[in-house]
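Student: everything below, folded, please.
(chains A and B)
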Number of protein chains: 2
Amino acid sequence: MGNETHEKLVLLKLGGSVITNKEIPKTPNKDVINRIAKEISDAKLGRLIIVHGGGSFGHPIAKQFKIKEGFKEQLQIQGFSQTHQAMLELNQHVVDALIRHNIAAFSISPSSCIATKAGRIQDFYYSIITKLLDTGFIPVLFGDAVLDNTLGFTILSGDQLVAALAIRFKADKIIIGVDVDGLYTADPSDDSAQLIPYIPSHNLKALMHNIGEAKGNDVTGGMKGKILELTPALNANIKTIIVNAMKEGNIYKALKGEKVIGTLIDKE
Amino acid sequence: MGNETHEKLVLLKLGGSVITNKEIPKTPNKDVINRIAKEISDAKLGRLIIVHGGGSFGHPIAKQFKIKEGFKEQLQIQGFSQTHQAMLELNQHVVDALIRHNIAAFSISPSSCIATKAGRIQDFYYSIITKLLDTGFIPVLFGDAVLDNTLGFTILSGDQLVAALAIRFKADKIIIGVDVDGLYTADPSDDSAQLIPYIPSHNLKALMHNIGEAKGNDVTGGMKGKILELTPALNANIKTIIVNAMKEGNIYKALKGEKVIGTLIDKE
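Tutor: Next up is the predicted model:
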């Protein structure tokens, strides 16, 4: 409590494809969540914010009711609530695992404190997160169904949230935990695809057309979508490391600043 | 969507002793929750906010870690998070039941948008609730573990929340659903105790010393505590009806403004 030294902050994103089985609706990858919770606990960071994706919890419902496209018909109303409920359920798995590992994790519902405008964060009541950090808590947020000032409602991706939080709290670095080793020169399932270990921030735009797209149900876009959402943070020169969170030890190493296989996006 | 006529709003509080079994930790009264969800659905109110208590979910943990008294030692940090997690779990039972009954319920976490000062609400990011109501949603909030600007953290009771929301949104009436028929001249378990059907608001203070105290684990106080928390709304002349939510039909009748056994507190 009372961490007033303002040690550098780390933003950790846990992808939905890491913490859930994307093939089976509402199936958490409990072993993976537990293992990552232990790695976070072992890393003992003072100032950390965790954001997680939706995977097979939020995405199928959001897609079915076309929540991202905004309010168009009364039928979607239930889908909006259900998307948030599904995300709360997944969040409970994550936060409970963190608490079991003695991490002072505290759940924050983005839809309770954020409204977007045409899909971009417009109003964000940050002060609770500031207070949580200063009190020694680790805020845990997630991609969510949120109210939108022009669309009625929409989906706020975990990646957009990560960028906004990283900029607001002047993060030292962003760690993006996904289920591949990083950014590739082509679709990772393609034999010719090669991992890109380092991308200077200013080269990112040129490289974007080469980045492989994720398959499946991800309404917030695949890897290309991720990078697009992170652009504001990359433009603010916040170092970003994309690592494979399915491989044991990677999250720990990335948190500690140790050498780790992945893609580093940073200024030269 | 787009309910701009600003029809009068009703605040409905569901006590923790109604929606949970207070004797057994983390036991929801599923049948009662379902039956009340049906009554709310049948009443078809346009503008409604629901707030529920903690019962055997939030209270035992909050009490064990002395969360209400504020931050005193590191050990409490986990208790603060766990109190909120337990409340989210109970909230899920309530919101899911409402959604099953085709109510556009949407969960709002008080700790994500409210900070108190010495136990009283100081900062409240109301704008999401305003937007939810205008979009046709029924916001569902709950007593919660919240950050406090002087104590570090504390417990925000559902009753204090009800009063604040009723005043802010100019509620037409407040309905307090409890597990007794209303306010009594003595402890309700006492044979001599008589139900008080009507109390003029200005007489309330004089009557307060006669109101029986609830027994058990309720860190937010019994009936006397409830009335104290509601005082700001009563002073603002918001009609308040205390009814027994364990008895079928009472919540429906109270929502519809029909005659119902209970205690009405109103100006003369």
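Student: what residues does the lowest-mean-pLDDT helix or strand in chain A touch?
Tutor: In chain A, no helix or strand scores lower on mean pLDDT, DSSP states H and E than helix A:204-207, which sits at a mean of 75. Applying C-beta atoms under 8 Å, 6 or more residues apart in numbering or on different chains, the contact partners of helix A:204-207 are A:183, A:196, A:199, A:227, A:231, A:234, A:265. C-betas here are computed from N, CA, C, even on glycine.
Student: check whether the lengthiest helix in chain A comes near chain B.
Tutor: With secondary structure taken from DSSP state H, chain A has its longest helix at helix A:76-100. Yes. Helix A:76-100 reaches chain B (C-beta under 8 Å from any C-beta of the partner chain) through A:77-78, A:80-82, A:84-85, A:88-89, A:92, A:95-96, A:99.
Student: quick check: angle from that helix to helix B:76-100?
Tutor: Put simply, helix A:76-100 runs at 160 degrees to helix B:76-100, going by axes from the mean of the first three to the mean of the last three C-alpha atoms, to 10 degrees.
Student: before we move on, back to that, report the two of the residues of helix A:76-100 next to chain B separated the most.
Tutor: A:Ile77 and A:Ile99 (32.8 Å; C-beta to C-beta).
Student: one step back: which among the contacts of helix A:204-207 gets closest to chain B?
Tutor: Nearest to chain B among the contacts of helix A:204-207, counting by C-beta to the nearest C-beta, is A:Thr231 at 26.5 Å.
Student: apart from its neighbours in sequence, what residue is nearest the closest one?
Tutor: Leaving aside its chain neighbours, A:Thr231 sits nearest to A:Ala163 (7.3 Å; criterion: C-beta to C-beta, 6 or more residues apart in numbering or on different chains).
Student: tell me the residues of chain A that contact chain B?
Tutor: A:1, A:71, A:74, A:77-78, A:80-82, A:84-85, A:88-89, A:92, A:95-96, A:99, A:102, A:104-109, A:111-113, A:115, A:123, A:125, A:127-128, A:131-132, A:135-137, A:147, A:149, A:152-153.
Student: mark which of the residues you listed are buried, thanks.
Tutor: Burial by neighbour count, 16 or more other C-beta atoms under 10 Å in any protein chain shown: within these this picks out A:1, A:71, A:77-78, A:80-82, A:84-85, A:88-89, A:92, A:95-96, A:99, A:104-109, A:111-113, A:115, A:123, A:125, A:128, A:131-132, A:135-137, A:147, A:152-153.
Student: show me the helices in chain A, by range?
Tutor: A:16-19, A:30-43, A:55-64, A:76-100, A:110-113, A:127-135, A:158-168, A:204-207, A:223-235, A:250-256.
Student: ok, now which ones touch A:Tyr198?
Tutor: A:263-266.
Student: again, 10 Å this time
Tutor: Counting by C-beta atoms under 10 Å, 6 or more residues apart in numbering or on different chains, A:Tyr198 touches A:182, A:262-266, A:268.
Student: filter those down to the buried ones, ChimeraX style.
Tutor: Buried residues among those (16+ other C-beta under 10 Å), as a ChimeraX selection:
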select /A:182,262,263,264,265
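Student: quick check, nearest of the contacts of A:Tyr198 to A:Ile175?
Tutor: Nearest to A:Ile175 out of those is A:Gly262 (C-beta to C-beta; 8.9 Å).
Student: quick check: the gap between the closest one and B:Lys267.
Tutor: Look at A:Gly262 and B:Lys267: by C-beta to C-beta, to the nearest Å, they are 67 Å apart.
Student: again with A:Glu248
Tutor: 66 Å.
Student: which of those two has more residues huddled nearby?
Tutor: Higher neighbour count among A:Glu248 and B:Lys267: A:Glu248, with 13 against 10, using other C-beta atoms under 10 Å in any protein chain shown.
Student: tell me who's in contact with that one.
Tutor: By C-beta under 10 Å, 6+ apart, A:Glu248 lies in contact with A:32, A:35-36, A:38-39.
Student: let's see that with 8 Å instead.
Tutor: By C-beta under 8 Å, 6+ apart, the contact set of A:Glu248 is A:35, A:39.
Student: for A:Lys253, same thing?
Tutor: By C-beta under 8 Å, 6+ apart, A:Lys253 lies in contact with A:243, A:259-260.
Student: at 6 Å instead, please
Tutor: The neighbours of A:Lys253, taking C-beta atoms under 6 Å, 6 or more residues apart in numbering or on different chains as the test, are A:Val260.
Student: do A:Phe80 as well
Tutor: Residues in contact with A:Phe80, defined by C-beta under 6 Å, 6+ apart, are A:67, A:145, A:153.
Student: the second one: neighbour count?
Tutor: The number of residues packed near A:Ala145 is 29, by other C-beta under 10 Å.
Student: now do the first one
Tutor: The tally of other residues near A:Ile67 (other C-beta under 10 Å) stands at 26.
Student: do I have it right that it meets A:Ala145?
Tutor: Yes. If you go by C-beta atoms under 6 Å, A:Ile67 and A:Ala145 touch, sitting 5.4 Å apart.
Student: what is in contact with these two at once?
Tutor: A:80, A:83.
Student: and A:Phe65, what does it touch?
Tutor: Taking C-beta under 6 Å, 6+ apart, one finds A:76, A:79 in contact with A:Phe65.
Student: how close does it get to A:Phe71?
Tutor: Plainly put, A:Phe65 is 10 Å away from A:Phe71 if you go by C-beta to C-beta.
Student: where does chain A dip in pLDDT?
Tutor: In the predicted model of chain A, residues A:1-6, A:209-222 satisfy pLDDT under 70.
Student: make it 80
Tutor: Residues of chain A that meet the criterion pLDDT under 80 lie in A:1-7, A:185-190, A:204-224.
Student: give the residue farthest from the middle of it.
Tutor: Seen from the C-alpha centroid of chain A, the residue lying at the greatest distance (C-alpha atoms, centre = their mean) is A:Gln74, 29.6 Å away.
Student: any idea how far it lies from B:Lys38?
Tutor: Counting by C-beta to C-beta, the gap from A:Gln74 to B:Lys38 is 20 Å.
Student: and for A:Lys13?
Tutor: From A:Lys13 over to B:Lys38 the distance is 41 Å, taken as C-beta to C-beta.
Student: the more surrounded of those two?
Tutor: Taking other C-beta under 10 Å, A:Lys13 and B:Lys38 do not tie; A:Lys13 has more neighbours (29 against 18).
Student: for stretch A:170-183, which outside residues touch it?
Tutor: When contacts are defined by C-beta under 6 Å, 6+ apart, stretch A:170-183 is touched by residues A:8-15, A:17-18, A:166, A:188, A:195-196, A:211, A:238-246, A:251, A:254, A:261-263.
Student: and what of stretch A:144-156?
Tutor: Contacts to stretch A:144-156, defined as C-beta under 6 Å, 6+ apart, come from residues A:62, A:67-68, A:70-71, A:80, A:83-84, A:87, A:110-111, A:114-119, A:122, B:131.
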